[in-house]
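1. Need a 3D model of the following:
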Amino acid sequence: MDRARRTGRPGHPRSVLALLTAVLLAVAGITVLSSAARAADADLARNGGFESGLDGWTCTAGAAVNSPVHSGSSALQATPAGSDNAQCAQTVTVQPNSQYTLSGYVRGSYVYLGVNGTGTTDVSTWTQSAPDWQKLTTTFTTGAATTKVTLYTHGWYGTGAYYADDISLVGPGGSTGQPPAAPAGLRTGTVTSSSVALSWSAATGATSYAVYRDGAKVQTVSGTSATVSGLAPSTAYSFQVTASNDAGESARSAAVTATTTAGTGGGSTDLPAHALVGYLHASFANGSGYTRMADVPDSWDVIDLAFGEPTSATSGDIRFNRCPVTECPNVESDADFKAAIKAKQAAGTKVLISIGGQNGQVQLTTTAARDTFVSSVSNIIDTYGLDGLDIDFEGHSLSLNANDTDFRNPTTPVIVNLISALKTLKARYGSKFVLTMAPETFFVQMGHQYYGTGKWGGQDPRCGAYLPVIHALRDALTLLHVQDYNSGPIMGLDNQYHSTGGADFHIAMTDMLLTGFPVAGDADNVFPALRPDQVAIGMPASTNAGNGYVAPSEVTKTLDCLTKKTNCGSYPTHGTWPALRGLMTWSVNWDRYSSWEFQKNFDAYFG
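-> The predicted structure follows:
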């Protein structure tokens, strides 16, 4: 007999109470489970408020700004162009078969927020017009094998800047385990005047390693060795490494130090500590008039003969034709020209042939063109008894193929063949051969934001196209003097855009070369710094010479900031470089036209 039958009806209320209690406990259990499930959810977006700049994000045209913001002190500003929708993206670790909510606040016209790689249906949401902050939200469920997704925001082509802030991805975090332990056994190998080889023991579970030089991350590799280049000669450096996997980055290893050997200045042992470089219009005349070689003042340390040009864009056959009498009535004879070159060289001046210029498009698309380039340039150097070569490729001479994404290992023929040709010329003429380059900012510093066509395509393939050439020749390069003129705004290492016309632009652009910079916004893919003795600053000699002219006072501010860290203005430099080589100008002719203003200011500053 059960208890209910033994106790009669008075037992029934107790059964009802027990049932109600059980139900209440069950409901409470459901509530507890739901709370636990919600507690497991987290915001997986890294730096969704952009309070740490673009850390965690890869952007084609973005910067952190202080106004307008939705909350906190920063937000994203990104500006689409005609061929770029200004996408910012980051990849996060997720769990399979799980639901997530993506949200964020945006302002502007045609702003999109979405996610790729869900394993089910990728989703996005957008607004056509948000004059004030507007919240966008979308949800998705990951597939059975999905462990990573990429969330993004972007605008629309050519529609103006948009803003984004407080982006979040809420859901269960992925199972990432633990970061590796710090690598052990860090040691130095071969040390040169500009590089240090490093190696270390493998860390269990590591998928990559980061190399730090004097506390700053300079390189990421997959193996257990790396060579840090772009160092100054006779200088002590400290190195550490970390190990990383999906769970994060380890602590840094114990430090090792190394001192680079004495340098040779990129192959030229007798350039002065501070050099003045100028282009001499040797093959044409313009409003500045023709200047004879013998009439160039002794203050000029490097004279670039402008220009050697190809017989056709892809021939590789370079010719140097001196200005005809019909165009330059006061042109000297070939014999007098050669004699003047020898006299300049006897006084310590280097005279180079500059290849390219605005009209000289050079595209070494084949190995045959490469070999013709070497032989024809050698012929010019030998005919006039020159000290070396300046590469002034502009326009469409250099661009990157769509699948060429690593500046350390280029594959595009015009890039690979140029590197090969320059190395051949360097080997042919030896350590005294002077090699200089004069790229535009578009081909160098613009690589900080964009490199080639970009991960998603649509970018100008010429962006950053000089970087693989500079990097491959950095140990043979005497001088890099980027043209800090005829340039649009360029983003500096402070994630702000800088425009020509003042000291700030020259300071920011030069600081990038002397500090090194992430390529295409990738903090794990850094273009290494050049030595300060390899860098000169390119400026127009006068208002007639090009856009971006600055008065002598602004030139002085630039030099003060970079060599003494005084008179700097608003841009925060990353070092002080008293060994900065000097200044380059377009051109000697225009400076003569302006009563030698540029030269006189240089002489007054460096003595």
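2. only C-alpha atoms for contact and neighbour calcs from this point on.
-> Will do.
3. do you know how far Val302 is from Tyr112?
-> Val302 sits 52 Å away from Tyr112, taking C-alpha to C-alpha, to the nearest Å as the criterion.
4. again, but for Thr150
-> As judged by C-alpha to C-alpha, Thr150 and Tyr112 stand 14 Å apart.
5. Tell me which of the two has more neighbours.
-> Tyr112 (21 against 15; other C-alpha atoms under 10 Å).
6. Can I take it that Thr563 is in a helix?
-> Yes. Under DSSP: H, G, I helix; E, B strand; the rest coil, Thr563 sits within a helix.
7. Can you give me every residue that contacts the spatially closest residue to it that is not a sequence neighbour?
-> Using C-alpha to C-alpha, 6 or more residues apart in numbering and skipping the chain neighbours, the partner closest in space to Thr563 is Pro578 (4.1 Å). By C-alpha atoms under 8 Å, 6 or more residues apart in numbering, Pro578 lies in contact with 532, 562-564.
8. my guess is Pro578 is in a helix, correct?
-> No. Counting by three-state DSSP, Pro578 falls outside a helix, being coil.
9. The residue positioned nearest the centre of the chain and Thr411: what is the separation?
-> Central residue of the chain (C-alpha atoms, centre = their mean): His448, 2.6 Å from the mean position. Noted for His448: a distance of 20 Å to Thr411, by C-alpha to C-alpha.
10. and what of Gly230?
-> 22 Å.
11. neighbours around Asp387, how many?
-> By other C-alpha under 10 Å, 22 other residues sit near Asp387.
12. wait, it sits on Val351?
-> Yes. Using C-alpha atoms under 8 Å, Asp387 makes contact with Val351 at a distance of 5.6 Å.
13. Please name the nearest non-neighbouring residue to Leu198.
-> Nearest one to Leu198, counting by C-alpha to C-alpha, 6+ apart, is Thr188 at 4.6 Å.
14. List the residues that contact that neighbour.
-> Counted by C-alpha under 8 Å, 6+ apart, Thr188 has contacts 196-199, 256-258.
15. Secondary structure element holding it?
-> Secondary structure assignment for Thr188, by DSSP states H and E: strand 187-191.
16. List the buried residues in that strand.
-> If you call a residue buried by 16 or more other C-alpha atoms under 10 Å, then strand 187-191 has these buried ones: 187-188, 191.
17. count of neighbours near Ala254?
-> 15.
18. my read: it touches Gly215, true?
-> No. Using C-alpha under 8 Å, Ala254 is not in contact with Gly215; the gap is 12.0 Å.
19. Can you pull the residues that touch both of these two?
-> With C-alpha under 8 Å, 6+ apart, Ala254 and Gly215 have common neighbours Gln240.
20. returning to what we had before: may I see the contacts of Thr188 organised as CSV, with neighbour count and secondary structure added?
-> Below are the contacts of Thr188 laid out as CSV (neighbours: other C-alpha atoms under 10 Å; DSSP: H, G, I helix; E, B strand; the rest coil):
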residue, neighbour count, secondary structure
Val196, 23, strand
Ala197, 16, strand
Leu198, 22, strand
Ser199, 17, strand
Val256, 16, strand
Thr257, 14, strand
Ala258, 20, strand
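21. Among those, which one sits closest to Trp590?
-> Of all the contacts of Thr188, Trp590 sits closest to Val196, with 42.5 Å by C-alpha to C-alpha.
22. how about the closest one, what does it touch?
-> Neighbours of Val196 in contact, by C-alpha under 8 Å, 6+ apart: 188-190, 227-229, 258, 260.
23. For it, give its distance to Thr227.
-> From Val196 to Thr227 the distance is 6 Å (C-alpha to C-alpha).
24. With Ser129 instead?
-> Ser129 is 50 Å from Thr227, by C-alpha to C-alpha.
25. same thing with Phe443?
-> Counting by C-alpha to C-alpha, the gap from Phe443 to Thr227 is 25 Å.
26. So which residues make contact with the helix or strand where Thr227 lies?
-> According to DSSP H and E, Thr227 maps onto strand 225-228. With contacts defined as C-alpha under 8 Å, 6+ apart, strand 225-228 is touched by 195-200, 211, 218-219, 528.
27. Starting from it, tell me which strands it pairs with and how they run.
-> The pairing partners recorded for strand 225-228 under DSSP bridges are strand 196-199 (antiparallel).
28. Export the partner strand to PDB, keeping only CA atoms.
-> Only the C-alpha atoms of strand 196-199 are listed here, as PDB (Å, rounded to 0.1, in the frame of the first residue of the first chain):
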ATOM      1  CA  VAL A 196      71.800  40.700 -37.100                       C
ATOM      2  CA  ALA A 197      70.900  37.000 -37.500                       C
ATOM      3  CA  LEU A 198      68.900  35.400 -34.700                       C
ATOM      4  CA  SER A 199      67.800  31.900 -33.800                       C
END
